[in-house]
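Chemist: quick one: sequence plus predicted model below, questions after.
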Amino acid sequence: MWAELKALAGADITGLFEEKGRASDFAIHFDGLLFDYSKTSLTTEARQAICNLAAERGVEARREAMFSGAEINETERRAVLHTALRALSSAPIMLEGEDVLTDIRLGLAKMETFAEALRTGHYQGAGGQITDVVNIGIGGSHLGPEMAVKALLPYRDGPRCHFVSNADAADIHDTLAGLDPTRTLVIVASKSFTTVETMTNAQTARNWMAQAVDDPASQFVALASAEDKTSAFGIPPERVFGFEDWVGGRYSIWGPIGLSLMLSIGPERFRAFLAGGEAMDLHFREAPLAQNMPVMLALVGLWHNQVCGYPTRAVLPYDQRLARLPAYLQQLEMESNGKGVTMDGTPVEGGSGPVVWGEPGTNGQHAFYQLIHQGTQVVPCEFMLAAEGHEPDLAHQHELLVANCLAQSEALMLGRSIETARRLMASKGFEGDELERQARHRVFKGNRPSTTLVYDKLTPRRLGQIIALYEHRVFVEGVILGINSFDQWGVELGKVLALELEPVLSGQVDADTKDGSTQQLVEFIRAHWED
Ligand code: F6P
């Protein structure tokens, strides 16, 4: 599948700009966003070929199948309809003879009623108005809300939100320390309501709450699909916000899992966030492939990963409030497309999706950019940047941030030749062999690809667009690779073995059922516990 494209790779990126109109031709504008992929080695011919591949692989038909509720998550036999959660203005979406939007709208209204009651003080804790909210969840029940609440802090006019995810007691201990249990709401966010980390932390939080509140369950809400389990935990149905199994965990920020975001910024802004996602859905459904932002983001990703053979990609938001976006995208992309087999069970040709990593700029510049610029591996960089910050009094700092972001993509592409490096060292007074030696350390090969996504300002609507953009990118990459992007069987084995290890660690089962390394580790830990 990739052979024809591989033959088109290897262009000199700087040289491509000799073609008039390169920058605008390799860019897409959509509703306050600009996606510039001109600093990549994609040529006009290569773009045409990879768009043809997308069409041949059935991206358009699969896209419609997803939006219309077909069972495209084949291994779990489920539809994939997270897009329905943000379909505020959509026509009915029929599933098994019923319009799924009816329940979604009721669910949204229930969240809004609760959020308003809490934010206005009509729903209170034992000690009065709720000042703090602790969201306990993991994976998709944590990363999305945590990322979005931080991203939209300039819009917060509700309670402070805190997030606990890890089984490590340190996480919940440090989060609860300093909070007043009588004015704290605990959200137990777990689609299955069985995830061991979440349920363990939820129990710890309830014990903490019980020390100060007579009826601790009255300050708990559940975001879950399993009402029998939530009522067994003591949370009444009026404070359970459910969602259907056709919303995957890592795609669930748009519904009840987004409750902490709604509490933080209010229902109206939450709707603006949904509207941003919906706007991106419409663009994704309607724009031709080569002018379609999620499609081109995906095709550039595949170009780098599958055609050029770059094994990772860095997501580099020059936006401190998007500090948790790389972690969010790690789950979204790697849990979705980190699969070894295609839909029919045969090995994925060319390998699964890339390793995704990153940190906000400018911090990353002082950590790993050395490797990005001079290391022997090429890392395609995906820069993100707001034209305008939220701190008008500190506009000079924003200018500094912008200059740094643009400088990095320029430096990656242009590099610095040995001749320039020699001139530089000569200007510093170096001569002869020492000049040559010093100059070699200052060479940047250049020709390193990057894309830049610029948005006017990180508003609720823009954030919604950006998240939906990445969701659809993952979808398109998955379709072309032939992967089911909506299951996650790869997380199962570790969970099963962890259950098996608990009795080994507690000494109820002999460690000799385990491999030598695991036995050695268990013995060391048990010896320490016995001390
Ligand atoms: O890590 C596996 C996973 O199933 C994720 O897909 C999911 O987001 C996470 O666990 C949490 O699941 P739940 O919301 O059911 O607790």
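Modeler: Sure thing, it's come through.

Chemist: contact partners for Leu81?
Modeler: The contact partners of Leu81, by Cβ atoms under 8 Å, 6 or more residues apart in numbering, come to 66, 69, 93, 95, 100, 244, 246-247. Where you see a C-beta, it was placed from the backbone N, CA and C, and this is true even at glycine.

Chemist: meant to ask about Glu278
Modeler: 83, 86-90, 464, 468.

Chemist: which helix or strand contains it?
Modeler: Element membership of Glu278, judged by DSSP states H and E, is helix 267-286.

Chemist: and the contacts of Glu278, which are buried?
Modeler: Neighbour counting by 16 or more other Cβ atoms under 10 Å classes 83, 86-87, 90, 464, 468 among the contacts of Glu278 as buried.

Chemist: how about those, which pair is most distant?
Modeler: Maximum pairwise distance among the buried ones among the contacts of Glu278 (Cβ to Cβ): 14.8 Å, between Ser90 and Gly464.

Chemist: between the contacts of Glu278, which sits nearest Ser141?
Modeler: So of these, ranked by how close each gets to Ser141 (Cβ to Cβ), first place is Arg86, at 17.9 Å.

Chemist: top of the contacts of Leu81 by neighbour count?
Modeler: Within the contacts of Leu81, neighbour counts (other Cβ atoms under 10 Å) peak at Val247, which reaches 26 neighbours.

Chemist: mind listing what the spatially closest residue to it that is not a sequence neighbour touches?
Modeler: In this structure, Val247 finds its nearest non-sequential neighbour in His82, 4.9 Å apart by Cβ to Cβ, 6 or more residues apart in numbering. Applying Cβ under 8 Å, 6+ apart to His82 gives the contacts 246-248, 251-252, 254-255, 471.

Chemist: most neighbours among the residues you listed, please name it.
Modeler: Going by other Cβ under 10 Å, Trp254 tops the contacts of His82 with 28 neighbours.

Chemist: domains of the protein?
Modeler: The chain breaks down into these domains under automatic domain parsing: 3-68+285-414+448-487, 86-265, 492-530.

Chemist: would you mind listing what in the stretch 1-150 of the chain touches the ligand?
Modeler: 138-141 (Cβ under 6 Å from any ligand atom).

Chemist: do I have it right that Phe290 meets Cys51?
Modeler: Not Phe; residue 290 is Ala. Yes. The criterion here is Cβ atoms under 8 Å, and Ala290 meets it with Cys51 at 5.2 Å.

Chemist: separation between Ala426 and Arg442?
Modeler: Distance, Ala426 to Arg442, using Cβ to Cβ, to the nearest Å: 12 Å.

Chemist: in the stretch 101-250 of the chain, which spans are strands?
Modeler: 124-125, 128-129, 132-136, 160-164, 184-189, 220-223, 240-241 (DSSP state E, counting those that start in this stretch).

Chemist: pLDDT of the first one, averaged?
Modeler: Translated: strand 124-125. Averaged across strand 124-125, the pLDDT comes to 98.

Chemist: same deal with the fifth one?
Modeler: When pLDDT is averaged along strand 184-189, the result is 98.

Chemist: packing partners of it?
Modeler: strand 132-136, helix 196-210, strand 220-223, helix 259-265 (3 or more Cβ pairs under 8 Å, 6 or more residues apart in numbering; DSSP states H and E).

Chemist: hang on, the earlier thing: determine which two of the contacts of Leu81 are furthest apart.
Modeler: Spanning the widest gap among these are Met66 and Glu244, at 14.8 Å by Cβ to Cβ.

Chemist: quick check: the nearest residue to Glu335 once chain neighbours are set aside vs the ligand, distance?
Modeler: Once flanking residues are discounted, Glu335 sits nearest to Gln488: 5.0 Å by Cβ to Cβ, 6+ apart. Gln488 is 5 Å from the ligand, where distance means Cβ to the nearest ligand atom, to the nearest Å.

Chemist: and Leu453, helix, strand or coil?
Modeler: Secondary structure, DSSP: H, G, I helix; E, B strand; the rest coil: Leu453 is strand.

Chemist: helix, strand or coil for the nearest residue in space to it that is not next to it in sequence?
Modeler: In space, and not counting its chain neighbours, Leu453 is closest to Met384: 4.8 Å by Cβ to Cβ, 6+ apart. Met384 falls in the strand class when you classify it by three-state DSSP.

Chemist: for the remainder of this discussion, apply numbering that starts at 661.
Modeler: Yep, numbering from 661; the last one is Met1044 now.

Chemist: beta partners of Met1044?
Modeler: Pro977, Leu1113 (DSSP bridges).

Chemist: contacts only, for it.
Modeler: 975-979, 982, 985, 1112-1115, 1126.
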